[in-house]
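**Q** Following is a predicted model, sequence given first.
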Amino acid sequence: MSAKNSGPEPGQTLYLDCFSGIAGDMFAGAMLDMGVGSLAMLEEELRRLPVDGWSLSLEATTVSGIAASRFKVELDEAEQEPRSLAAIEQLIADSRLAESVRSHCLAIFGRVARAEAQAHRESLDAVHFHEVGMVDSIIDIVSTCILIEQLSPREIICSPIALGSGTVPTRHGPLPVPAPATAILLKGVPVFQGDEMTELATPTGAALASYFADSFGSLPLMRMDRIGYGAGSHATRGPNLLRCISGERVGAAAGEAAGEQMMMETNIDDSSPEQLAYLAERLLAAGATDVWLTPVIMKKGRPGTVLSLLCTPGEEQRYLDLIFTDSSTFGVRFGRLGRFCLQRRLERVETPLGSVRVKIGSWREKVVSVSPEYEDCRRVAEERGVPLIEVYEAARLAARDL
């Protein structure tokens with residue numbers, strides 16, 4: 001393991017830089033390389049799984065001149081029987097892992113199973129995990145869940161994910177990259193192909209990224225404290241690495257009680273709703289504090305839209321470039337504004353329905369706002385088959401004593 005880090009502080013922002021894709025072993029390796037936990041801690045926790053015949057190693061390596069760590073799971077037997085979702089769920093349920101880790105693992109394997117079933121037109125009961133159901137893949141997923149819990153980041157942001165191209169060997173024969181299940185797991189996630197003629201994003205990596213990431217986009221404005229690199233298992237023309245970065249958001253994005261923001265606005269009357277929605281998404285992904293659209297009546301009685309944006313002073317040029325290239329406006333007005341906001345922190349609570357993150361807002365050291373995270377509540381509602389409002393109420397109740 002690399003000795004370049006002494007360990008990140010809890011409650012920080014974790015950024016996944018997937019410039020060369022993502023796989024389970026790369027994720028675990030990057031977290032360990034960053035100083036989260038240790039190999040000994042991970043082995044001790046993994047012994048809580050009722051699975052034998054494996055051992056772990058963490059190799060200090062160099063990829064394209066970059067110091068990194070390669071996480072490997074060694075197996076006693078190469079041949080393994082494929083497992084069904086029910087078998088894996090039972091394996092997780094029978095473990096002595098922490099409840100939060102079990103919840104993450106069950107949710108991730110459920111996502112993979114649904115993607116496999118959809119990709120191959122099979123029922124969930126008929127799906128048997130081959131690559132993802134092998135012991136090494138199970139260990140990769142469980143290890144990453146353990147390390148995420150160890151770090152307990154306030155938020156996880158993921159870059160657009162490199163997919164690769166060509167074909168990948170599977171039990172169904174050679175399949176196009178990304179594999180069908182991987183493509184389904186990454187629906188709605190920003191991706192790009194890249195120049196490598198190989199699989200860069202594996203089903204395991206896709207499941208982990210799509211489950212844990214709170215948002216996708218560029219590196220936010222933050223002070224980087226720790227950086228870790230997880231090496232992939234095969235050579236590519238570029239560095240086959242996953243980079244994990246942890247640190248503190250700066251400015252208003254970090255939840256300061258008071259501060260200055262730059263307000264940028266422009267009136268637009270000849271862009272379609274689709275164009276404006278796309279522009280708003282790009283501005284948020286670029287790091288804007290907030291973006292909103294307001295319908296107005298402009299000169300000559302024509303309906304139009306005011307595009308409004310808040311950002312950290314000094315960052316205006318980044319957003320001007322997007323506004324001028326992705327809209328029809330000829331000018332943007334701006335000015336400084338003061339802003340008060342609640343001190344914010346993200347806590348994870350355990351409910352009878354599952355694990356949910358809750359945003360806690362405090363004013364003058366008193367909690368005044370409790371807001372369950374929508375994506376977590378939606379995930380739990382879908383997995384449990386219960387109304388969304390029921391999950392919200394359970395999360396608010398569980399957060400009552402925070």
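**A** Ah, there it is.
**Q** so Leu307 touches Glu265, yeah?
**A** Yes: using Cβ atoms under 8 Å, Leu307 makes contact with Glu265 at a distance of 6.7 Å. C-beta here means a position set from N, CA and C on the backbone, and glycine is covered the same way.
**Q** Tell me which of these two has more neighbours.
**A** Between Leu307 and Glu265, counting by other Cβ atoms under 10 Å, Leu307 is the more crowded of the two (23 against 14).
**Q** any idea of the pLDDT on the more buried one?
**A** Looking at Leu307, its pLDDT is 96.
**Q** Okay, helices next: where are they in the stretch 251-400 of the chain?
**A** 273-285, 316-326, 374-384, 388-398 (DSSP state H, counting those that start in this stretch).
**Q** Tell me which of the ones you listed lies nearest to Ala209.
**A** Counting by Cβ to Cβ, Ala209 lies closest to helix 374-384 out of the helices of the stretch 251-400 of the chain; the figure is 13.4 Å.
**Q** What about the closest residue to Cys18 other than its chain neighbours, how many residues nearby?
**A** Of all residues not flanking Cys18 in the chain, Ile161 sits nearest, at 4.3 Å (Cβ to Cβ, 6 or more residues apart in numbering). Neighbours of Ile161 under the rule other Cβ under 10 Å: 28.
**Q** now the stretch 151-300 of the chain, which segments are flagged as low pLDDT?
**A** Scanning the stretch 151-300 of the chain for pLDDT under 70 picks out 251-259.
**Q** try it again with 80
**A** The model of the stretch 151-300 of the chain has pLDDT under 80 over residues 170-173, 221, 250-260.
**Q** Flag every buried residue along the longest helix seen in the chain.
**A** Assignment by DSSP state H gives helix 99-120 as the longest helix of the chain. Neighbour counts over helix 99-120 (16 or more other Cβ atoms under 10 Å) mark 100-117, 119 as buried.
**Q** for stretch 305-320, same thing?
**A** For stretch 305-320, the neighbour count (16+ other Cβ under 10 Å) marks Thr305, Leu307, Leu309, Leu310, Cys311, Thr312, Glu315, Glu316, Arg318, Tyr319 as buried.
**Q** what about the fifth one, distance to Met262?
**A** Taking Cβ to Cβ, to the nearest Å as the criterion, Cys311 is separated from Met262 by 5 Å.
**Q** Repeat that for the last one.
**A** Here Tyr319 is placed at a distance of 9 Å from Met262 (Cβ to Cβ).
**Q** Overlap in contacts, those two.
**A** Cys311 (Cβ atoms under 8 Å, 6 or more residues apart in numbering).
**Q** how far does stretch 297-311 stretch from start to finish?
**A** 26 Å (Cα to Cα, to the nearest Å).
**Q** who touches that stretch?
**A** 252, 261-269, 271, 276, 279-280, 283, 287-296, 318-319, 323, 327, 329, 337, 339.
**Q** go again using 6 Å as the cut-off
**A** Identification of contacts with stretch 297-311 by Cβ atoms under 6 Å, 6 or more residues apart in numbering yields 261-262, 264-269, 276, 283, 288-296, 319.
**Q** Any of those buried? List them.
**A** Burial by neighbour count, judged by 16+ other Cβ under 10 Å, picks out Gln261, Met262, Met264, Thr266, Asn267, Ile268, Leu276, Leu283, Ala288, Thr289, Val291, Tyr319 from the contacts of stretch 297-311.
**Q** Among those residues, which are located in strands?
**A** Gln261, Met262, Met264, Thr266, Asn267, Ile268, Val291 (DSSP state E).
**Q** Show the contacting residues for the third one.
**A** Remark: with contacts taken as Cβ under 6 Å, 6+ apart, Met264 is in contact with Leu309, Val332, Phe334.
**Q** Which residue comes closest to the first one once chain neighbours are left out?
**A** Sequence neighbours aside, Met264 is the residue nearest to Leu309 in space, at 4.5 Å (criterion: Cβ to Cβ, 6+ apart).
**Q** With Cys377 as the reference, measure out to Ala183.
**A** 26 Å.
**Q** Neighbour count for these two, which is higher?
**A** Ranked by neighbour count (other Cβ under 10 Å), Ala183 and Cys377 place Cys377 first, with 24 against 18.
**Q** Please look at that one and Val391 and confirm they touch.
**A** Yes: under the criterion of Cβ atoms under 6 Å, Cys377 makes contact with Val391 at 4.3 Å.
**Q** For the residue lying closest to Pro295 once chain neighbours are set aside, name its beta-bridge partners.
**A** Leaving out its chain neighbours, the residue that sits closest to Pro295 by Cβ to Cβ, 6+ apart is Thr305, at 5.9 Å. On the basis of DSSP bridges, Thr305 is bridged to Ile268, Pro295.
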